[in-house]
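**Q** any chance you can model this:
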Amino acid sequence: MTRARRRARSTALAAVLLAAVVTNGCSSSGAAPVRRSVPTTAPATTTTTSTTSTTLPSAVPTTTPTPVVPTVGWTRPVTALPPAGGITSLSCISDVFCLAAGGGSNEADAAGSTGPGAVAAWDGATWSSPTTYYPTAPGTAPPPWLPAISCTGGPLCAVVDGSGHAVLGDGTTWSAPSTLGVAPTTSPNPADPGPGHPGARSAAVSCPTAQFCAYVDNTGHVATLHGTSWSTPQAMTVRVGTATVGLFQSGRVGLSCADGSACTGIVGGTVLDWDGANWNVSAAPWGASATAGDTAVSCPAAGTCVAVHGSTASVRGPGSGWSVPRTIDSNGLLDSVSCPSVTVCAAADAYGDVLRMAGGVWGPAQKVVPTATAYTGDGTSLSCPSTQFCMVINGDGDYATYQGADPPAATTTTSPLAPVPAGA
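**A** Down below sits the predicted model:
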């Protein structure tokens, strides 16, 4: 395939995502969520048929399992016991391999619970007992803050956190925790309250291959992993008034790599793009003042990304800028997005609502897991390794899975982004 044909294909595919932003999706109401709400779609299960027995019980069962074809949609939520500190990040590489990271000291619950950094594995049916990747003991370094995890085939997984720690492993066996190098000092951002405040320190990681990962934290430090060695972190800056200061965003930051030469991170009002050699700075679709609240980004192909913040989503196609942010969830507090292809995405908010986009249309917000009540600051994590499967989990360990079907073919792939009418 020639370079021109590859670019034309990527641009055409990206147009499907662009159409999704200008398509008005319905949203659920902002009513207070119920701890154990039940989605409208029943889970895939096995039913039984029973015949009436007029005899005494015998060794022969009177019920016969009847297989049922899995139903497309979300299962009912169930709970995996979270580590002290809650669940803060999720990464799935298939429908039978997901890892949830958490623990540490996340300033996320009223009790102020603290525990070692931990990871639990899901095999398609059950969760393993958590393994400790970052032990803590009196007199040692402080525990991790808001751990983030990313896994790729192999498996290879990287866990990072807002304290500057990083480990590599396969889900059960982990390398000794290392501390990323010290980035050059920059003038502090006026919006940065410093460590010790909720959401003041977080990080994100993305590993598109077993030989490459990228890292960004919410103070603008970036680094890349090549093989097993992290580069020395760089400190990215932004202009605030007449001063050049470090970046800052409260809450979780977004980072996604399509491959080793195409990564996109968002820290507040700044976009950071890795081109294989350098990090480049540009404006985020929400503007420079967007330093409060979580952001998330997913890039299913080089140059094509979907980002969420607040109640809105924005899309960037190859060679184009970000679209005008479009409201897709009236509840707001969107904090996770996952796009397994350029035609399918899912986004989640802090209330446990999930929206799904297929064929260029965002569906309505659906209550999938309860709103966290114990670890309210950990956010909701979402991972879709394919168009057929997603998992969502909150800080309390309430999770659900999605059984999918092939999305409908897009009817239009070349129309430009239409202007959004004022007030629409």
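
**Q** my guess is Val245 meets Thr186, correct?
**A** Yes. The criterion here is C-beta atoms under 8 Å, and Val245 meets it with Thr186 at 6.4 Å. C-betas here are computed from N, CA, C, even on glycine.

**Q** which residue comes closest to Ala200 once chain neighbours are left out?
**A** Counting by C-beta to C-beta, 6 or more residues apart in numbering, the nearest residue to Ala200 once its immediate chain neighbours are dropped is Pro193, at 5.6 Å.

**Q** Ser150: what secondary structure?
**A** When the structure is reduced to helix, strand and coil (DSSP: H, G, I helix; E, B strand; the rest coil), Ser150 reads as strand.

**Q** ok, Leu90 next?
**A** Taking three-state DSSP as the rule, one finds Leu90 in the strand state.

**Q** how about the contacts made by the residue nearest to it when sequence neighbours are not counted?
**A** Sequence neighbours aside, Ser381 is the residue nearest to Leu90 in space, at 3.7 Å (criterion: C-beta to C-beta, 6+ apart). Taking C-beta atoms under 8 Å, 6 or more residues apart in numbering as the criterion, Ser381 is in contact with Ile87, Thr88, Ser89, Leu90, Ala100, Ser336, Ala348, Val392, Ile393, Asn394.

**Q** the second one: neighbour count?
**A** Spelled out, that is Thr88. By the other C-beta atoms under 10 Å criterion, the neighbourhood of Thr88 contains 32 residues.

**Q** thought Ile393 was touching it, still the case?
**A** No. At 9.8 Å, Thr88 does not count as touching Ile393 under the criterion of C-beta under 8 Å.

**Q** show the model's pLDDT score for Ala12.
**A** According to the predicted model, the pLDDT of Ala12 comes to 47.

**Q** let me see the mean pLDDT of stretch 283-295.
**A** When the per-residue pLDDT values of stretch 283-295 are averaged, the result is 86.

**Q** flag every buried residue along it.
**A** By neighbour count, with 16 or more other C-beta atoms under 10 Å as the criterion, the buried positions of stretch 283-295 are Ala284, Pro285, Trp286, Ala290, Thr291, Gly293, Asp294, Thr295.

**Q** make TSV out of the residues you listed and add distance to Thr327.
**A** Supplementary listing: these in TSV, determined by distance: C-beta to C-beta, whole Å:
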residue	distance to Thr327
Ala284	17
Pro285	13
Trp286	12
Ala290	15
Thr291	20
Gly293	15
Asp294	16
Thr295	16
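
**Q** among these, which lie within helices?
**A** Counted as lying in helices by DSSP state H, out of these, is not a single one.

**Q** among the residues you listed, find me the one that's closest to Thr401.
**A** Compare each of these with Thr401 using C-beta to C-beta and the shortest gap goes to Asp294, at 22.4 Å.
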